[in-house]
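>>> I would like the atomic coordinates for the input below:
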Amino acid sequence: MLFQESSAALLAAEKSLYELIGKKYPSSPKYQVPRFDQTRESPDKNHDLNCSNYTSSTSRSSGSNLVDLGGYKFSRRASQFASRSSYSSGNSTVTVDGYVDSPEGPNMVAEIFRESESVMQFKKGFEEANKFIVNGDLFTDLESNGLFLKDPKEDAKDVLAMTEEKNENVNYTDGLRRKKSPHLEELAVEGFRSNKQSAVYSESTASPADFDMVLLNCGRDESSIRAALHNGESKIVQQNGQAKGGKARAKRQGGKRNVVDLRTLLTLCAEAVAADNRRGAIDLLKQIRQNAPPTGDAMQRLANVFADGLEARLAGSGTQIYKALISRPTSAADVLKTYHMVLTACPFRKLSNFFSNITIKNIAENATRVHIVDFGIMYGFQWPSLLQRLSSRPGGPPKLRITGIDLPNPGFRPAERVEETGRRLENYANTFKVPFEFNAIAQKWDTIQIEDLKIDRNEVLVVNSLFRLRNLLDETVVVESPRDTVLNLIRKMNPDVFIHGVVNGAYSAPFFITRFREALFHFSTLFDMLEANVPREVPERVLFERDIFGWEAMNVIACEGAERIERPETYKQWKMRIQRAGFRQLPVNREIFTTAKERVQALHHKDFVIDEDSRWLLQGWKGRIVYALSSWKPDS
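I've put the predicted structure just below:
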């Protein structure tokens, strides 16, 4: 019935079209099933090629235009089909071999609707399937010989081309036409390559011995590694004649000594980008690139990273490139190597783990059951050493339950990394004979309900979050701040202790220039710290600067709104926020503070700072505080 109504509607529309152009509508002859051997004249000598040749184009501007079927015309001289066609009438099925002719005949109408329905079904199925492709578009071309996927490099270039095309329609006052940056194009290619792999799962390739050496070594081999790093750095200093990476770079040209102040160039470039002075910004970027090789000293490496961010902001592609960077798969083995380098050369992370683990050990001294809720567990590198400590506790270890919380991974396995972390920790628990249970949660933190955490009041409850709450949005973006939401959730949990570590930074201001200057101060401290403690050619240093500092700087400089997730606050600002949530701060444990200070003075560079202020344990470099640690209890 529906088919008959659709056929009548089509015939009526065609009849009205004939009347509109002033021609007589042809009568409908009695339809006869054509014979396969009948011949017809075709207005096109290439009819045999064109009769079933659908042309298509790939549209990147609209998801509904992925398949554009041109050449299929609803007219009397419609393309003939040499095919084997089937149609149903009542309970019988008729099979026709040959050409299907006469658009006014009911069987031709049936064939038209069947073909168009197939196309609609294909498009609908394609759109449904496309929903499962995360952070990327599935660009497909329909050629006469079938389907194929385009080269990822071409897809990546298309993103940059779209940005260029969008900007080409604007008449800039400087009349400058920009070229695509090879730096941004390389990042985009990497991002699209990873986006094509929706659910690639790869376990860590590091051996258990590698993890044991890094996570359980407790410094036994680090002194020799630290000495080797120091010797390598001393040689570099002697060769270059200077130890300070942050100083201006001297360049001799024609007997004259020109001093290139990269810090000033970066600031001027940021001001040009903020003022949309594209010609000036590109000229300054060119100068920065010429004087800042990625393998140079600390300031040159910093300038190279910041130039990437400024270039992405200028092109308007910061969000796409940042997503491409963070979506690149990184195995736990690669992270482990970098983590080992950081533990050896810098006391910040080891001291943070020490602060947290000793606090937990003290509060769970006589407990039989302990539950740790870790916001931002990542790879869980902190916890094997705690398992080792608990295993040697007099009277036996307690039953330990860890709830690992992190953001979901893109793809079909959002909890993949957290679950892998759980399996690794379970292996360590079996090794140390500690009763263990792991619960993985991979979702946005402000959507977690207290029921998801399975709180048991008979357990000692510890909430741990080291340096990750800075990635939550604040009240400058949304009225109901996710930071306050998570802190209120922790207050409802009523933990025995809440351990909090923060990045002490002021580069979360909504104004770009202010934020840029603060980020420049902060990251120059970190790059200078690495310059003084790790030789330049060490690959783990390059990885750390690119995949940790580089990602963060790109987000701070090139992203805005909800896409900018690097939003640190000073430890004094965090103190006010946590107190408003209903917590009171605990004093710094004297044993922890004394041990930390003595070890840093004995084993590490003299410019590392360990201090205390307002019940915060502070860590810094050359007088600038970089990290701060504190512990809290609900205020009764």
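
>>> would you mind giving the domain segments of the protein?
As assigned by automatic domain parsing, the chain contains the domains 2-34+44-130, 155-329+511-567, 343-505+568-634.

>>> so where's the protein uncertain?
Applying pLDDT under 70 to the predicted model, the residue ranges of the chain that meet it are 1-11, 14, 17-18, 20-208, 210-259, 325-332.

>>> hey, which strand is longest across it?
Once the chain is assigned using DSSP state E, the strand that runs over the most residues is strand 624-634.

>>> could you list the alpha-carbon positions for that strand in PDB?
Listed in PDB are the C-alpha atoms of strand 624-634, where the atom choice follows Å, rounded to 0.1, in the frame of the first residue of the first chain:
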ATOM      1  CA  ARG A 624      60.700  29.300  42.500                       C
ATOM      2  CA  ILE A 625      58.100  26.900  44.000                       C
ATOM      3  CA  VAL A 626      56.900  24.400  41.500                       C
ATOM      4  CA  TYR A 627      54.900  21.800  43.500                       C
ATOM      5  CA  ALA A 628      53.200  21.700  46.900                       C
ATOM      6  CA  LEU A 629      51.900  18.800  49.000                       C
ATOM      7  CA  SER A 630      49.300  18.800  51.800                       C
ATOM      8  CA  SER A 631      47.100  16.500  53.800                       C
ATOM      9  CA  TRP A 632      43.500  17.100  55.000                       C
ATOM     10  CA  LYS A 633      40.700  15.800  57.200                       C
ATOM     11  CA  PRO A 634      37.000  16.600  57.000                       C
END
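
>>> list the contacts for V486?
The contact partners of V486, taken as C-beta atoms under 8 Å, 6 or more residues apart in numbering, are 375, 445-446, 448, 469, 472. The way it works is simple: take the backbone N, C-alpha and C, and place the C-beta from them, glycine included.

>>> can you name the helix or strand that T338 falls in?
Using DSSP states H and E, the element containing T338 is helix 332-345.

>>> am I right that F354 is in a helix?
Yes - the assignment for F354 (DSSP: H, G, I helix; E, B strand; the rest coil) places it in a helix.

>>> surely it meets E591?
No - if you go by C-beta atoms under 8 Å, F354 and E591 don't touch, sitting 10.7 Å apart.

>>> more neighbours: the two, which one.
It is F354, of F354 and E591, that has more neighbours when counted by other C-beta atoms under 10 Å, with 18 against 10.

>>> distance of that one relative to I592?
7 Å (C-beta to C-beta, to the nearest Å).

>>> now do L489
27 Å.

>>> please apply the same query to D261.
Plainly put, D261 is 42 Å away from I592 if you go by C-beta to C-beta.

>>> quick one, which of those two is more surrounded?
Neighbours per residue, other C-beta under 10 Å: of D261 and I592, the larger number sits with I592, 20 against 14.

>>> how near is the more buried one to M493?
In this structure, I592 and M493 are separated by 24 Å, where distance is defined by C-beta to C-beta.

>>> kindly report the same for R313.
Distance of R313 to M493, computed by C-beta to C-beta: 39 Å.

>>> more crowded one of the two?
Neighbour totals were compared for R313 and M493, and R313 leads with 22 against 16 (other C-beta under 10 Å).

>>> give me the element the more buried one is part of.
With secondary structure defined by DSSP H and E, R313 is part of helix 298-315.

>>> how about the helices in the stretch 351-500 of the chain?
Assigned by DSSP state H, counting those that start in this stretch, the stretch 351-500 of the chain shows helices spanning 383-391, 416-432, 482-493.

>>> for G296, find the nearest of those helices.
With C-beta to C-beta as the measure, helix 416-432 is the member of those nearest G296 (33.5 Å).
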